[in-house]
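Peer 1: Quick one: sequence plus predicted model below, questions after.
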Amino acid sequence: MTYTQSTSIEFGAVHELDRKSANKVAFGALVGSVLEYYDFFLFSAAAALVFNVQYFTTGNATVAALASFATFGVGVAARPIGGIVFGAMGDRIGRRKTLMITIVGIGFITALIGILPTYAAIGITAPVLLVLLRIVQGLFVGGEWSGALTLVVENAPLHLRARYAVIPLIGSPIGTILSSGGFFLVTISISQQNFDSWGWRIPFLLSLPLLLLAVYIRRKLEESPVFRQLEEAGELSSNPVSTAFRQSWRQIVIGMAASLLGMGGFYLVTTFCVWYGVNVLGYSRTLMLLGTIVAAVVEVFVILLSGRLGARYGSSRVIFWGGIASAVVALPAFLLLNSGVPVLVVLSMTLAVATLSFPYAGTGAVLTGLFPAATRFTGVAVANNTAAMVAGFVPLLVTSLVAAAQDHWWPAALVLALISLITASAGAIAPRFSVDLPGFKH
């Protein structure tokens with residue numbers, strides 16, 4: 001099917017949508033997104049705080065941290081595969097059905113991590129199983145983000161797509177608040193010895209009640225009207241993966257670049273900086289977790305503001321100027337991180353996360369606008385998850401560079417500035433390669 005056919009069908013399906021139905025779908029997508037990010041960022045926090053102790057016991061703290069961050073990285077390395085599998089599924093059998101599968105998979109795997117024996121209990125089998133569970137979790141996550149975005153965008157009025165596209169993205173800071181907050185409450189409630197022994201498992205096991213809530217809410221959601229129209233017209237793609245790569249490879253590259261900062265920069269701040277603060281600068285775990293929580297709270301409001309800015313001026317502009325701002329604050333943020341003053345340490349993490357959250361918020365509308373409806377789930381999944389694969393190894397890369405620089409922070413600031421500029425460049429060129437839908441501002 002051509003771009004013109006797909007665009008015509010999509011416009012006919014959505015031009016009379018109202019806010020009531022859009023709000024219902026957005027809320028359902030948000031609940032699932034919160035569970036996704038809660039589960040995924042639990043691993044991020046645990047990689048920085050406890051996995052290096054319980055699963056990768058070596059005589060060298062830096063080597064143990066590298067092994068722990070590498071395990072974090074393999075999860076996001078699996079995301080492109082999951083994106084291809086579940087993206088194609090979403091474009092062929094429906095967005096809603098696919099999202100039910102991904103959300104159950106994510107929650108179940110996270111609970112299994114919470115009961116996994118440690119290295120001391122079962123030896124080398126423990127880290128091997130941890131890596132395997134992380135890979136499977138990454139496969140399911142690969143279909144969740146793109147599916148939630150696609151479902152929300154296709155249920156929203158065209159002129160409000162930028163505002164609705166940020167709703168699933170709020171799941172990232174809320175999931176971070178819940179995961180880091182869970183660890184924070186456990187660390188202040190029990191001794192460090194008990195936390196390292198069993199306390200860290202509590203937040204992982206809490207994913208089960210969250211999963212039940214997410215499944216209950218998502219069962220009531222209806223399928224995307226755009227997908228239904230494509231299905232009724234007999235215009236579903238028989239091979240969305242091949243079609244997306246053949247017709248939209250430029251859009252995939254642009255989408256990857258646009259997504260890089262929102263994930264790579266966030267992992268750098270919430271994973272590497274936590275480890276760096278605790279193990280190199282000697283800060284308490286409580287301080288670094290508090291910094292993550294405060295930054296995530298601020299991120300919620302930045303994302304909501306970005307949605308309004310995107311609807312008014314275009315989300316691609318939000319990505320461009322947000323990327324520039326993130327590059328500018330990279331150096332000051334790390335200077336504040338190294339100040340030794342608790343308030344300034346929290347401010348450093350908040351400043352870095354706030355600026356990179358503008359382009360992150362813009363990716364929802366921009367990525368879904370790059371691809372026609374027939375291959376949208378697949379295209380968004382491939383672009384975003386390939387960027388996530390690269391971003392997932394940012395903590396590992398930065399830890400290695402900082403170690404080579406004798407624990408100096410400047411390589412981390414340089415990496416943050418570099419990926420900020422890459423994302424800004426994507427924001428500058430994205431409108432020229434986007435699908436033209438009347439009423440939608442790129």
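Peer 2: Happy to help now that I have it.
Peer 1: List the contacts of the residue lying closest to residue 393 once chain neighbours are set aside.
Peer 2: By the measure of Cβ to Cβ, 6 or more residues apart in numbering, the closest residue to residue 393 outside its immediate chain neighbours is residue 73, 4.3 Å from it. In short, each C-beta sits where N, CA and C put it, glycine included. Contacts for residue 73 were tallied using Cβ atoms under 8 Å, 6 or more residues apart in numbering; they are 392, 393, 395, 396.
Peer 1: how about a cut-off of 10 Å?
Peer 2: With contacts taken as Cβ atoms under 10 Å, 6 or more residues apart in numbering, residue 73 has the following neighbours: 47, 134, 138, 267, 271, 389-397.
Peer 1: and the residues you listed as TSV, adding secondary structure and neighbour count?
Peer 2: TSV is the format used below for the contacts of residue 73 (DSSP: H, G, I helix; E, B strand; the rest coil; neighbours: other Cβ atoms under 10 Å):
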residue	secondary structure	neighbour count
47	helix	28
134	helix	23
138	helix	29
267	helix	25
271	helix	27
389	helix	23
390	helix	19
391	helix	26
392	helix	26
393	coil	19
394	helix	27
395	helix	31
396	helix	21
397	helix	18
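Peer 1: Tabulate those residues in TSV, adding columns for pLDDT and distance to residue 257.
Peer 2: Converted to TSV, the contacts of residue 73 look like this (pLDDT from 0 to 100; distance: Cβ to Cβ, whole Å):
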residue	pLDDT	distance to residue 257
47	74	26
134	87	26
138	87	21
267	86	16
271	82	21
389	86	14
390	89	10
391	87	11
392	79	16
393	82	16
394	88	15
395	84	20
396	82	21
397	89	17
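Peer 1: Among those, find me the one that's closest to residue 282.
Peer 2: Residue 282 has its nearest neighbour among the contacts of residue 73 in residue 271, at 18.3 Å by Cβ to Cβ.
Peer 1: remind me which residues of this structure are low pLDDT?
Peer 2: The model of the chain has pLDDT under 70 over residues 1-18, 48, 57-69, 71-72, 437-442.
Peer 1: you'd agree residue 36 is up against residue 169?
Peer 2: No. Using Cβ atoms under 10 Å, residue 36 is not in contact with residue 169; the gap is 11.1 Å.
Peer 1: intersection of neighbour lists for the two?
Peer 2: By Cβ under 10 Å, 6+ apart, the residues touching both residue 36 and residue 169 are 145, 148.
Peer 1: which one of these two has more residues nearby?
Peer 2: Set residue 36 next to residue 169 and count neighbours by other Cβ atoms under 10 Å: residue 169 wins out with 30 against 27.
Peer 1: which residues touch that one?
Peer 2: Residue 169 sits in contact with 29-30, 33, 37, 145, 148-149, 152, 262, 299-300, 303-304, 306-307, 357, 360-364, where contact means Cβ under 10 Å, 6+ apart.
Peer 1: how far is stretch 224-243 from where the chain is centred?
Peer 2: Relative to its chain's centre, stretch 224-243 lies at 26 Å (Cα atoms, centre = their mean, to the nearest Å).
Peer 1: Just the terminal-to-terminal distance for it.
Peer 2: Using Cα to Cα, to the nearest Å, the end-to-end distance of stretch 224-243 comes to 21 Å.
Peer 1: would you list every one of the helices in the stretch 1-150 of the chain?
Peer 2: 3-14, 19-49, 51-54, 61-77, 79-92, 95-114, 119-122, 125-153 (DSSP state H, counting those that start in this stretch).
Peer 1: Revised request: answer the last question for the stretch 251-400 of the chain.
Peer 2: Counting by DSSP H, counting those that start in this stretch, the helices of the stretch 251-400 of the chain are 266-267, 273-279, 285-313, 315-337, 342-370, 376-392, 394-404.
Peer 1: among these, which is the most enclosed?
Peer 2: Most buried of the helices of the stretch 251-400 of the chain by mean neighbour count (mean count of other Cβ atoms under 10 Å) is helix 376-392; its value is a mean of 29.
Peer 1: now that helix against helix 394-404, angle please.
Peer 2: Orientation of helix 376-392 against helix 394-404 (axes from the mean of the first three to the mean of the last three Cα atoms, to 10 degrees) gives an angle of 20 degrees.
Peer 1: Just want the angle from helix 376-392 to helix 125-153.
Peer 2: Orientation of helix 376-392 against helix 125-153 (the same axes, to 10 degrees) gives an angle of 140 degrees.
Peer 1: Pull out the CA atoms of helix 376-392 and give them to me as CSV.
Peer 2: Extracted C-alpha coordinates of helix 376-392, given in CSV (Å, rounded to 0.1, in the frame of the first residue of the first chain):
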residue,chain,number,x,y,z
ARG,A,376,3.7,2.5,12.2
PHE,A,377,3.9,0.0,15.0
THR,A,378,6.9,-1.7,13.3
GLY,A,379,8.6,1.4,12.2
VAL,A,380,8.4,3.1,15.6
ALA,A,381,9.5,-0.1,17.4
VAL,A,382,12.5,-0.6,15.2
ALA,A,383,13.7,3.0,15.4
ASN,A,384,13.1,3.4,19.1
ASN,A,385,14.4,0.1,20.2
THR,A,386,17.5,0.2,18.1
ALA,A,387,18.3,3.5,19.8
ALA,A,388,17.5,1.9,23.1
MET,A,389,20.1,-0.8,22.3
VAL,A,390,22.8,1.8,21.8
ALA,A,391,21.6,3.8,24.8
GLY,A,392,21.6,0.8,27.1
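Peer 1: what distance separates it from the centre of its chain?
Peer 2: Distance, centroid of helix 376-392 to centroid of chain: 10 Å (Cα atoms, centre = their mean).
Peer 1: okay, the angle between that helix and helix 19-49?
Peer 2: Using the same axes, to 10 degrees: helix 376-392 against helix 19-49 is 20 degrees.
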